[in-house]
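J.: quick one, structure for this:
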Amino acid sequence: MSAPRKRLIVVGDRVLIQPEEGEDRTKVGLYLPASAVDKQAVQGGTVLATGPGNAISAPTELSEEPWKIGNTGEPRYVPLQARVGDFAIFFRSAAVEISFEGERYLVVPQAAILTLVREEDEDDALRGL
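T.: Got it, this is the predicted structure:
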């Protein structure tokens, strides 16, 4: 009998990133200045997974007393801007390094992400993004 498979589940407003190592020019063509790289102020990597976002309550629930609010079903979230496959530049100091099944990853709160590079799809092109 084989052991059950494990998977990482990213929670809240966190993003799981496969870090890019050691070059001043990223794979997507962004140039990181030596001052940022030397001080390890910023780092880049590919987004592998995202949490659901920040949980919010329904506007109708805000008028109720907290102890009167019943179970309203599924939670709602403010979605994250980061998407799987994006290349993220983020503050290295905010990242938490983890190792899972022999691989090294970084967990980064969305607030620490400075910019995202995304392949343009048709929906983005129509919205002018």
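
J.: can we go C-alpha only for contacts and neighbour counts from here?
T.: Will do.

J.: now do stretch 74-88, average pLDDT.
T.: Computed over stretch 74-88, the mean pLDDT rounds to 91.

J.: who touches that stretch?
T.: For stretch 74-88, contacts defined as C-alpha atoms under 8 Å, 6 or more residues apart in numbering pick out 13, 15, 28, 44-58, 110, 113-119.

J.: with stretch 89-107 instead?
T.: With C-alpha under 8 Å, 6+ apart, stretch 89-107 has contacts from 14-19, 40-45, 108-109, 112-116.

J.: please redo it, this time with the cut-off set to 7 Å
T.: With C-alpha atoms under 7 Å, 6 or more residues apart in numbering as the test, stretch 89-107 has contacts from 14-19, 40-45, 108, 112-116.

J.: out of these, which are buried?
T.: 14-19, 42-45, 108, 112-113, 116 (16 or more other C-alpha atoms under 10 Å).

J.: give me the low-pLDDT residue ranges for this protein?
T.: 1, 22-40, 58-73, 122-129 (pLDDT under 70).

J.: repeat the analysis, applying 50 as the threshold.
T.: Scanning the chain for pLDDT under 50 picks out nothing.

J.: what about the strands in it?
T.: With DSSP state E as the criterion, the chain has strands at 14-19, 42-50, 54-56, 76-78, 87-91, 96-100, 103-109, 113-117.

J.: I'd like to know how far residue 89 sits from residue 16.
T.: 13 Å (C-alpha to C-alpha, to the nearest Å).

J.: then residue 121?
T.: 22 Å.

J.: and what of residue 5?
T.: Distance from residue 5 to residue 16, by C-alpha to C-alpha: 19 Å.

J.: what's the answer for residue 92, then?
T.: Distance from residue 92 to residue 16, by C-alpha to C-alpha: 13 Å.

J.: then residue 91?
T.: For residue 91 relative to residue 16 (C-alpha to C-alpha), the value is 14 Å.

J.: again, but for residue 99
T.: Noted for residue 99: a distance of 11 Å to residue 16, by C-alpha to C-alpha.
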